[in-house]
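Q: Sequence and computational prediction follow.
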There are 4 protein chains.
Amino acid sequence: MPDAGSDDSFPTLGDLEAAAIGKLPDRLRAYLQGGAAEERTLRANREAFHRWTLRPRALSGVETVDLSTTVLGVPVRAPVFVAPTAYQAQFHPDGEPGVARAAQASGWLAAYSTLSSFSLEAIAEAAGTGPRWFQLYLQPDLSVTRRLVERAEQAGYSAIVLTADTPVLGVRDRQMRSGFAIDGSVPIGNGPDVLPPPRAPMANRDRYHLRPEAKSSWEILDRLRDVTRLPLVVKGILTAEDARLAVRHGAQAVLVSNHGGRQLDGGPSTLSVLPEVVEAVGPGVEVYLDGGVRRGGDILTALALGARAVGVGRPILWALTVGGAAGVRRYMDLLGSELATDLALVGRTSIGAVDRSVLGASPA
Amino acid sequence: MPDAGSDDSFPTLGDLEAAAIGKLPDRLRAYLQGGAAEERTLRANREAFHRWTLRPRALSGVETVDLSTTVLGVPVRAPVFVAPTAYQAQFHPDGEPGVARAAQASGWLAAYSTLSSFSLEAIAEAAGTGPRWFQLYLQPDLSVTRRLVERAEQAGYSAIVLTADTPVLGVRDRQMRSGFAIDGSVPIGNGPDVLPPPRAPMANRDRYHLRPEAKSSWEILDRLRDVTRLPLVVKGILTAEDARLAVRHGAQAVLVSNHGGRQLDGGPSTLSVLPEVVEAVGPGVEVYLDGGVRRGGDILTALALGARAVGVGRPILWALTVGGAAGVRRYMDLLGSELATDLALVGRTSIGAVDRSVLGASPA
Amino acid sequence: MPDAGSDDSFPTLGDLEAAAIGKLPDRLRAYLQGGAAEERTLRANREAFHRWTLRPRALSGVETVDLSTTVLGVPVRAPVFVAPTAYQAQFHPDGEPGVARAAQASGWLAAYSTLSSFSLEAIAEAAGTGPRWFQLYLQPDLSVTRRLVERAEQAGYSAIVLTADTPVLGVRDRQMRSGFAIDGSVPIGNGPDVLPPPRAPMANRDRYHLRPEAKSSWEILDRLRDVTRLPLVVKGILTAEDARLAVRHGAQAVLVSNHGGRQLDGGPSTLSVLPEVVEAVGPGVEVYLDGGVRRGGDILTALALGARAVGVGRPILWALTVGGAAGVRRYMDLLGSELATDLALVGRTSIGAVDRSVLGASPA
Amino acid sequence: MPDAGSDDSFPTLGDLEAAAIGKLPDRLRAYLQGGAAEERTLRANREAFHRWTLRPRALSGVETVDLSTTVLGVPVRAPVFVAPTAYQAQFHPDGEPGVARAAQASGWLAAYSTLSSFSLEAIAEAAGTGPRWFQLYLQPDLSVTRRLVERAEQAGYSAIVLTADTPVLGVRDRQMRSGFAIDGSVPIGNGPDVLPPPRAPMANRDRYHLRPEAKSSWEILDRLRDVTRLPLVVKGILTAEDARLAVRHGAQAVLVSNHGGRQLDGGPSTLSVLPEVVEAVGPGVEVYLDGGVRRGGDILTALALGARAVGVGRPILWALTVGGAAGVRRYMDLLGSELATDLALVGRTSIGAVDRSVLGASPA
């Protein structure tokens, strides 16, 4: 049980963001907080949760609450996972290994970025027996991609999360304004041949060229299938059409994500398209969601609309900034306790009992 | 008739809140003003009233207005009652007895909390012949619960209001931030064996435990029925399902309440679910509402949607803070006069004449 | 044609309010600007206009625009009139006679309050041949009411505007906070026996009494009909029911008004109920509207929804405050010019050509 | 590819407006930024884009993006053009020729105002082979109008854009407040006999007169057809009725525009009426739109709803203010790059592939 008095840096979940951004230099703050262009999608992610209501139940007789579930068959102690985010050592020297230790202690699944500050092997060592996923950015050179997947499999990652929404980075005003650039100047733990997605299209006479080698169509799933026996999760699905394509190309799960509002500004909030994706993939394929998840009630809402689990991205970096691995641990404690409280208040004793009936009418 | 010049501490109902919070130390202010988590439900309670319009009538010939009604058969001079709130002596030394004197003088019904600063007997003595209800928090030890009910019956309380929405306290950011805790450190007038609800679930490996003895399912109504012949009002009903369960288990009335937005953030405003609860219980069972009631027009709106009476919680504590029993009296005068004015302006002479036709079209 | 450079006190209609309130002492500002309670209805009046769109027409060939129309058969140079407001000398020594001179010069109809600072005869003298209406507050003593009507008829007022929404004044927080009171202390030009409406209901044991003599039901129209042959306009109609009652009791016209948001807070905006009133009275009875009319486009909107003319209240007092009769004249010039411009932009050359087709789709 | 570090005056599109208005004196700022009256329509133009969502597509395999299209058969490198705006030399000495050089270098179409600071011949010389349109304000003297059209044709302008929404200027509060006036005091490059539209109607007894010679009905298109063989584009269409009239009178294209919110306040946003105009003209007539276009996603949205191309007005003047011709060039680079990025993110490789399916559901 979290104790309000034990850590005055963020006594509640509602204090975390402010505590973190007060500690960050401008460039990192712009990188962490910003989204694409006018940040409409960034805001929409959060606002979407506020359009739903939860239905509290009275005298439901709940005595204990069990938050555990499974994700792709792997048991976890909460239906929440660490969404993949890059360059974590910039926020705290504990970096990804710190997050990994906190996740293991909390029994949470965590996903780590291709662009991690530490090597995936170092992260795996810190994670120990903790469940972990490897997020994959396709590399210009397919052999580099292959090697990353092979290393992840060898290091005990249990799934590959293929990011599918980044043929080029979105136009990120705040980052550009601050001078922050994802351009290779930030060290990447997985080796010097690993590259971030291209920063902008290159204009050449009448055409704009994406990084030519970066071609990524659905056939890439078939190629990855040749390299690994790990389940493939496609991240960045926002339409029923793409959800069906993912399933057709052998994805075991899809992650509804708009890259935290950093890619296409004007794209939909993730929560608003979750139902259409859930319906499109059908019952045999797990669906996750990230983007704007902040409180226990948000998790309940997404689960009630069909998500198997939800990812939290920025909050992990806030907690890491504030207190390193211990900060992440405290954040996980607070969120778990709040989710348990909220589950009790809607009269449910387990995650499996959360269904559409915990929500009020659909928003107009 | 209230006189604007007589008390410059709150010349109008609209000045009361600011006058009160200016006098409170931070911790009490956080306790009184705050809600759960992001306070969405706290705000929603108020906003829900603003979505309805009242229909003024012209030349209706109203000469006198009668605000009296009955609540569970007991005559009261207004369809408004004091909602139960805890620890009133923290706001003013007059505490619950001061509220009781004001309520008696005004002819209002008042409900007092299990967690009152004074003993229920002392409150009853101050209330004299004034109508009063006892709000019950179920105690870990059933014998303590029984004893509270027996004492209330002996002290002339005319109903038991069973709070049904608090197997654990909601996550209250503002309180935690301020250091305020409902944890036993605040003296409770009803005796040292009386406890507040558990503050948070206890994490123990894979489970979160509520206070194990706190189990409270609908069967508790049957047990209470064995202890007392007083009518049972179930407080904290927000769904048609629970409204029907309450009736099936013998409740004489239900109180639509979300604990002032302090339990499940994201839960619905009380006004928005009032119609479904009224319909679910049918005509034989009275329905009350609290949460966000501030002005005369709010009372009309709730009555028009089927409430028999409405409770006011925070406003009573504001008035108590500002002026003790006299402040509460003045508040009741102002609210009564405004309700009488508004009733005249919709062309009605009595509470019984308020029906759905005083309202405009349902909000979208 | 108004010239922006000629009067820097309010170069545009949008500058008028700020220019005026900067010149008013707190008490008058509270009286002029405020509404009832939380001022929801006050705000709603204005916001209602903003929900509609006008449909500009291209190359319509408009060369001249004629704003003239008739109101109850009387020719006026614009479909806008001065709505009745009380105590105008408090805002500028020119008072009602100053307004009357400006209205005559502009060819506008003006309505004057029972509670005018100057006598209705003095105002009539200033108005000369200008069209004028007398607004009537029913008096406790019917003989006083009769005498007012007889004087108005003799002084050349062409209609009686019976205010029907004020059995008691609304609860006006801003006024009470500022210490302003409509209580007889402000001189009334029509004589010492003329009284404002009662300020609040009087509580007496279990009942609230309005001023007992103030009874005003629809039969009063029949009594007024016995006293005068002037047309009767009922002011304060907000429902189809009351519109039909007014017609049944012989009103020649109705004025959709909520007393500038000063009576029942939570009542509807006037524009939102205009269509239902227009439909209820049928084609033979003129319908006017006041409340929130500020710009040329607002006038077009109300006319398109069936109003014959619209009243402006606060803007006249703002203009009077800023510049006396000359200020009012300038205001009328600016508003007329803007209305002419807007009429040309929707491709109409006259008021009679304004119909529902100048508006876009109904707001949701 | 724009480089964030190369010009710190506006590192992103989102910084442009603030950078520009900081450099402008009050009068020019009022002229550039303001709209009519309360500026409802000005704001609505922008907000309309925010009601739509774009549908990002995953793993679409986009390698290159081609922004080129044709407008009235003329090839352009982007589906965006410079909307006509007056008096550009007031913002930067480079004036219209500077814009022309930037547009030619970028391969953009540009339209120049009758009220340009430089002569249309000087602009044409600067534009070289760059595609250009001439915006026409009808002149009181038809022979002046004819001469303007003939000069434009001779100088290589490829279309006449007839502004059809300005029989009189809208009421522009901000301009009047600041003392800015479109009144002939600002030099016009096309000669001393060229006049701006009339500033306000002239009141004369009971009528308001527009500049009498300014009569402009649909027959004017037939007259222009006699003067020139250039295609006619009618600017200022906001209704299906006028769209059909334009086609019937021989317009080759229509430009949905509300003059940047400067004419009829309360008029609809351009985006909201685009679909009805597109449907009204049918497939053979091109439809353009201006008003509120700021970001790449806005262009995609308008194209998806049927626009062939969109105009940008204020942004060009902001860029000109900040950096002259070089500033305009940089703006065009940034917008082109953003549009290319957004096109890739919705999985399209060319402008022709943009259809309604890139958008989510219609806003309510």
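A: Thanks, I have the structure now.
Q: which parts of the stretch 251-364 of chain A sit against chain B?
A: Within the stretch 251-364 of chain A, the positions adjacent to chain B are A:295-297, A:300-301, A:333, A:336-338, A:340-342, A:344-346, A:360, A:364 by CB under 8 Å from any CB of the partner chain. C-beta here means a position set from N, CA and C on the backbone, and glycine is covered the same way.
Q: So which of these reach chain C?
A: Okay, of these, nothing touches chain C (CB under 8 Å from any CB).
Q: of those residues, buried ones?
A: A:295-297, A:300-301, A:333, A:336-338, A:340-342, A:344-346, A:360 (16 or more other CB atoms under 10 Å in any protein chain shown).
Q: what's the span of stretch A:149-159, first residue to last?
A: Distance between the two ends of stretch A:149-159: 10 Å, counting by CA to CA, to the nearest Å.
Q: ditto for stretch A:229-240
A: Termini of stretch A:229-240 sit 26 Å apart (CA to CA).
Q: quick one on the thing from earlier: show me the two of the buried ones among the residues of the stretch 251-364 of chain A next to chain B that sit farthest apart.
A: Comparing all pairs in those by CB to CB, the longest separation belongs to A:333 and A:360, at 29.1 Å.
Q: Just give the closest residue to the single nearest residue of the stretch 51-200 of chain A relative to chain B, not the sequence neighbours.
A: Nearest residue of the stretch 51-200 of chain A to chain B: residue A:61, at 3.1 Å (CB to the nearest CB). In space, and not counting its chain neighbours, residue A:61 is closest to residue B:217: 3.1 Å by CB to CB, 6 or more residues apart in numbering or on different chains.
Q: residues in contact with that neighbour?
A: Contact partners of residue B:217, counting by CB atoms under 8 Å, 6 or more residues apart in numbering or on different chains, are A:59, A:60, A:61.
Q: returning to that earlier point: what is the nearest of the buried ones among the residues of the stretch 251-364 of chain A next to chain B to chain D?
A: residue A:360 (18.5 Å).
Q: That closest one and residue A:56, how far apart?
A: As for residue A:360, its distance to residue A:56 is 10 Å (criterion: CB to CB, to the nearest Å).
Q: Quick check: end-to-end length of stretch A:223-232?
A: 11 Å.
Q: measure residue A:123 to residue B:169 for me?
A: For residue A:123, the distance to residue B:169 - CB to CB - is 38 Å.
Q: okay, those two: which has more neighbours?
A: Using other CB atoms under 10 Å in any protein chain shown, the more surrounded residue of residue A:123 and residue B:169 is residue A:123, with 29 against 22.
Q: Name the helix or strand for the more buried one, please.
A: Here residue A:123, judged by DSSP states H and E, is contained in helix A:120-127.
Q: tell me the strands in the stretch 201-350 of chain A, going along the chain?
A: When assigned using DSSP state E, counting those that start in this stretch, the strands of the stretch 201-350 of chain A occupy the ranges A:202-204, A:207-209, A:232-237, A:253-256, A:286-290, A:309-312.
Q: need the least confident one among those strands, by mean pLDDT.
A: Mean pLDDT is lowest for strand A:202-204 among the strands of the stretch 201-350 of chain A, at a mean of 90.
Q: Show me what it is packed up against.
A: Packing partners of strand A:202-204 (3 or more CB pairs under 8 Å, 6 or more residues apart in numbering or on different chains; DSSP states H and E): helix D:314-345.
Q: Spell out which parts of the stretch 251-364 of chain A neighbour chain D.
A: Residues of the stretch 251-364 of chain A lying near chain D (CB under 8 Å from any CB): A:258, A:263, A:264, A:265, A:266, A:267, A:268, A:364.
Q: Need the worst-confidence member of these.
A: When those are compared by pLDDT, residue A:364 scores lowest at 74.
Q: how near is it to residue A:358?
A: 20 Å.
Q: same question, residue A:290
A: Distance from residue A:290 to residue A:358, by CB to CB: 20 Å.
Q: quick one: which of the two has more around it?
A: residue A:290 (28 against 24).
Q: Tell me the bridge partners for the residue lying closest to the more buried one once chain neighbours are set aside.
A: Nearest residue to residue A:290 in three dimensions, chain neighbours excluded: residue A:311, at 3.5 Å (CB to CB, 6+ apart). For residue A:311, the beta-bridge partners are residue A:81, residue A:290 (DSSP bridges).
Q: I figured residue A:311 hits residue A:292, correct?
A: No. Counting by CB atoms under 8 Å, residue A:311 stays clear of residue A:292, with 10.6 Å between them.
Q: Would you map the helices across the stretch 101-250 of chain A?
A: For the stretch 101-250 of chain A, helices defined by DSSP state H, counting those that start in this stretch occupy the ranges A:120-127, A:142-154, A:173-178, A:219-227, A:240-248.
Q: What are the buried residues along the first one?
A: Judged by neighbour count using 16+ other CB under 10 Å, the buried positions of helix A:120-127 are A:120, A:122, A:123, A:124, A:126, A:127.
Q: Tell me which residues touch the residue in the stretch 251-364 of chain A that chain C sits nearest to, please.
A: Ranking the residues of the stretch 251-364 of chain A by distance to chain C (CB to the nearest CB) places residue A:364 first, at 9.2 Å. Residue A:364 makes contact with B:364, D:364, according to CB under 8 Å, 6+ apart.
Q: that older thread, most neighbours among the contacts of residue B:217, which one?
A: residue A:59 (26 neighbours).
Q: Who are the contact partners of the closest residue to it other than its chain neighbours?
A: Once flanking residues are discounted, residue A:59 sits nearest to residue B:164: 4.6 Å by CB to CB, 6+ apart. Residues counted as contacts of residue B:164 (CB under 8 Å, 6+ apart) are A:58, A:59, B:216, B:234, B:235, B:236, B:237, B:242, B:246.
Q: Pull the most distant pair out of the residues you listed.
A: B:216 and B:237 (14.0 Å).
Q: Compare these two and say which is more crowded by neighbours.
A: Using other CB under 10 Å, the more surrounded residue of residue B:216 and residue B:237 is residue B:237, with 34 against 25.
Q: and the gap between the more buried one and residue B:313?
A: To residue B:313, residue B:237 is 16 Å away according to CB to CB.
Q: do residue A:252 as well
A: Distance from residue A:252 to residue B:313, by CB to CB: 51 Å.
Q: same deal with residue A:10?
A: Using CB to CB, we find residue A:10 at a distance of 29 Å from residue B:313.
Q: Listing request: residues of the stretch 1-150 of chain A with sub-threshold pLDDT.
A: Across the stretch 1-150 of chain A, the ranges flagged by pLDDT under 70 are A:1-8.
Q: Excluding covalently adjacent residues, which one is nearest to the residue in the stretch 51-200 of chain A positioned nearest to chain C?
A: Residue of the stretch 51-200 of chain A nearest chain C, by CB to the nearest CB: residue A:51 (16.4 Å). Sequence neighbours aside, residue A:363 is the residue nearest to residue A:51 in space, at 3.7 Å (criterion: CB to CB, 6+ apart).
Q: Three-state assignment for that neighbour, please.
A: coil (DSSP: H, G, I helix; E, B strand; the rest coil).
Q: okay, it: pLDDT?
A: 91.
Q: and if you look at residue A:214?
A: Residue A:214 is given a pLDDT of 54.
Q: Also residue A:210?
A: 87.
Q: List the contacts of it.
A: So residue A:210 contacts A:167, A:168, A:198, A:201, D:62, D:63, D:64, D:65, D:344 (CB under 8 Å, 6+ apart).
Q: how does it look with 10 Å?
A: A:167-168, A:197-198, A:200-202, A:216, D:62-65, D:340-341, D:344 (CB atoms under 10 Å, 6 or more residues apart in numbering or on different chains).
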